[in-house]
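A.B. asks: coords below, sequence missing:
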């Protein structure tokens, strides 16, 4: 981590006008002005807190608002945020009483990966890391049942990362849902629910692809676009729906005994989560009332982008998640039955909803950073489910070594000639050196790189599966 943070491999300022850094830098420079003029961009309201803190650090210490200074401030904030995440990880480990092996495994999954060791330093002016850490903090206060701290962090996190909205909605929904013997007997009539649900998914996908195929083709041949292997769409359709089928199966198992709890309307979590959402929407309306410069993304456009990404390459979602998180993706697929069985038996309504949302994001989304805030919840539930697995010290050393190498902490993204200097004139993001950056960004991963990383993933999965078969717990399962 020290090597990564002390390196000079950072997103060059000459590309600021192209990527999200441009908007965050503008917010840092003009935060006070936008606040009093109520002219914030609605898209960034759920990410305002950290740019606001950076703005007041500059003003408090009289630091000039230069690009270099802003980037340095965020690099420091990112480093502090990682240490805060490590502190709460230690607190969670102590509370749960994890063994040394499970503690090491969780550390490798959460902190020894591309996102922490490379991207957080290369691209420091981004809100993803703060969203990730807020997820760890929220999980800690939830499991220790400190309702006041949890709700306080929740309302603050509404202005840190956008998926906090989904966490608040999950909390409201979980207050109204219970799982008991009086609920839906899904397990007894499993196929009755499974096949109609899967059939509806197939009908929707088939209709949507047929209706929008020309738009798919046009976008796939457009300059500066997400690359799509159109000739592989039939293969992609079959593979994606194979995963959708099994995901529906697991989700239905989580929903067994589903029942409506009318008393939940007066529960503290329901009331305060609702207040949190109302407060956020009121604040958002106040802060953006005079903003006029951008059309918001419609639900139709969002759905099209999601479908386009999902069908851009066979199993691209697994490839991009593997690039970000490494062996966590391999292990959670390998231990999927153990994981979902544990969640079905031991998780409460709130955690079940989080796992369901994560599963949906996992299957459909190729932009892994979108569900970073959910990631800690899932990792800790996964660790709980496999805490009886007898990992040997050699397996743990192997996992740590793989994660460290796969994190690309050693990889130079900003080559001397610049990763876009050649791509921009040629209108090509899908060759090198541009792919030195875009190979880590799911929607812009080239077809060639998708194939290369896909082969690496398959080889890694087969190898790890053969090694894990030797563990005693796996024979019992």
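C.D. replies: All right, it came through fine. The shown structure was predicted, so the numbers you read here are calculated from the model rather than taken from an experiment.

A.B. asks: show me where the stretch 201-350 of the chain dips below the pLDDT cut-off.
C.D. replies: Low-confidence segments of the stretch 201-350 of the chain (pLDDT under 70): 222-227, 294-298.

A.B. asks: what helices and strands are in contact with whatever helix or strand residue 330 lives in?
C.D. replies: Taking DSSP states H and E as the criterion, residue 330 maps to helix 327-334. Counting by 3 or more C-beta pairs under 8 Å, 6 or more residues apart in numbering; DSSP states H and E, the packing neighbours recorded for helix 327-334 are helix 100-111, helix 316-325, helix 375-385, helix 393-406, helix 447-468. (Each C-beta comes from the backbone N, C-alpha and C, glycine too.)

A.B. asks: tilt between the fourth one and helix 327-334?
C.D. replies: Following axes from the mean of the first three to the mean of the last three C-alpha atoms, to 10 degrees, one obtains 130 degrees for the angle between helix 393-406 and helix 327-334.

A.B. asks: so what does the helix or strand just after helix 393-406 touch, helix or strand wise?
C.D. replies: Sequence-wise, the next helix or strand downstream of helix 393-406 (DSSP H and E) is helix 423-426. If you count contacts as 3+ C-beta pairs under 8 Å, 6+ apart, helix 423-426 packs onto no helix or strand.

A.B. asks: how about helix 423-426: buried residues?
C.D. replies: Buried positions in helix 423-426, judged by neighbour count with 16 or more other C-beta atoms under 10 Å: residue 423.

A.B. asks: quick check: buried residues in whichever helix or strand comes after that helix?
C.D. replies: The C-terminal neighbour of helix 423-426 among helices and strands, as given by DSSP H and E, is helix 435-438. Neighbour-count burial for helix 435-438, with 16+ other C-beta under 10 Å as criterion, is recorded at 435, 437-438.

A.B. asks: dump those to CSV, plus distance to residue 310.
C.D. replies: What follows is those, written out as CSV (distance: C-beta to C-beta, whole Å):
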residue, distance to residue 310
435, 21
437, 23
438, 18
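
A.B. asks: just to revisit the earlier point, could the helices and strands packed on helix 327-334 be laid out in TSV, adding distance to residue 344 and mean neighbour count?
C.D. replies: TSV is the format used below for these (distance: least, C-beta to C-beta, whole Å; neighbours: other C-beta atoms under 10 Å):
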stretch	distance to residue 344	mean neighbour count
helix 100-111	21	19
helix 316-325	23	24
helix 375-385	10	22
helix 393-406	26	16
helix 447-468	22	15
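
A.B. asks: identify whichever of those helices lies nearest to residue 309.
C.D. replies: The closest of those to residue 309 is helix 316-325. By C-beta to C-beta, the value is 7.3 Å.

A.B. asks: and the residue most central in space within the chain, what does it touch?
C.D. replies: Against the mean C-alpha coordinate of the chain, by C-alpha atoms, centre = their mean, the closest residue is residue 371 at 2.2 Å. With contact taken as C-beta atoms under 8 Å, 6 or more residues apart in numbering, residue 371 is in contact with 163, 357-358, 361-362, 365.

A.B. asks: go with 7 Å
C.D. replies: Residue 371 sits next to 163, 358, 361, 365 when contact means C-beta atoms under 7 Å, 6 or more residues apart in numbering.

A.B. asks: ok, back up a step: what's the helix or strand following the helix holding residue 330 packed up against?
C.D. replies: Per DSSP H and E, the first helix or strand lying C-terminal to helix 327-334 is helix 336-346. Counting contacts by 3 or more C-beta pairs under 7 Å, 6 or more residues apart in numbering; DSSP states H and E, helix 336-346 packs against helix 233-254, helix 375-385.

A.B. asks: residue 369 versus residue 414, what's the distance?
C.D. replies: Separation of residue 414 from residue 369 (C-beta to C-beta, to the nearest Å): 19 Å.

A.B. asks: who has more neighbours, the two?
C.D. replies: residue 369 (22 against 18; other C-beta atoms under 10 Å).

A.B. asks: what about the residue lying closest to that one once chain neighbours are set aside, how many residues nearby?
C.D. replies: Computed as C-beta to C-beta, 6 or more residues apart in numbering, the closest residue to residue 369 that is not its neighbour in sequence is residue 128, at 5.0 Å. Neighbour count for residue 128, taken as other C-beta under 10 Å: 20.

A.B. asks: my read: residue 128 touches residue 368, true?
C.D. replies: No - counting by C-beta atoms under 7 Å, residue 128 does not reach residue 368; the two are 9.6 Å apart.

A.B. asks: contacting residues around the closest residue to residue 106 other than its chain neighbours?
C.D. replies: Nearest non-adjacent residue to residue 106, counting by C-beta to C-beta, 6+ apart: residue 383, 5.0 Å away. Residues in contact with residue 383 (C-beta under 7 Å, 6+ apart) are 98, 102, 105-106.

A.B. asks: could you rerun that using 10 Å?
C.D. replies: 92-93, 96, 98, 102-103, 105-106, 109-110, 339, 389 (C-beta atoms under 10 Å, 6 or more residues apart in numbering).

A.B. asks: between the residues you listed, which sits nearest residue 403?
C.D. replies: Ranked by distance to residue 403 (C-beta to C-beta), these are led by residue 109 at 7.8 Å.

A.B. asks: quick check: closest non-adjacent residue to that closest one.
C.D. replies: Using C-beta to C-beta, 6+ apart, the closest residue to residue 109 is residue 328 (4.4 Å).

A.B. asks: wait, that neighbour sits on residue 110?
C.D. replies: Yes - the criterion here is C-beta atoms under 10 Å, and residue 328 meets it with residue 110 at 8.6 Å.

A.B. asks: residues that sit against both of the two, list them.
C.D. replies: By the contact definition C-beta under 10 Å, 6+ apart, residue 328 and residue 110 are jointly contacted by 375, 379.

A.B. asks: okay, the most far-flung residue of the chain relative to its centre: pLDDT?
C.D. replies: Distance from the C-alpha centroid of the chain, by C-alpha atoms, centre = their mean, peaks at residue 62 (35.6 Å). pLDDT, residue 62: 94.
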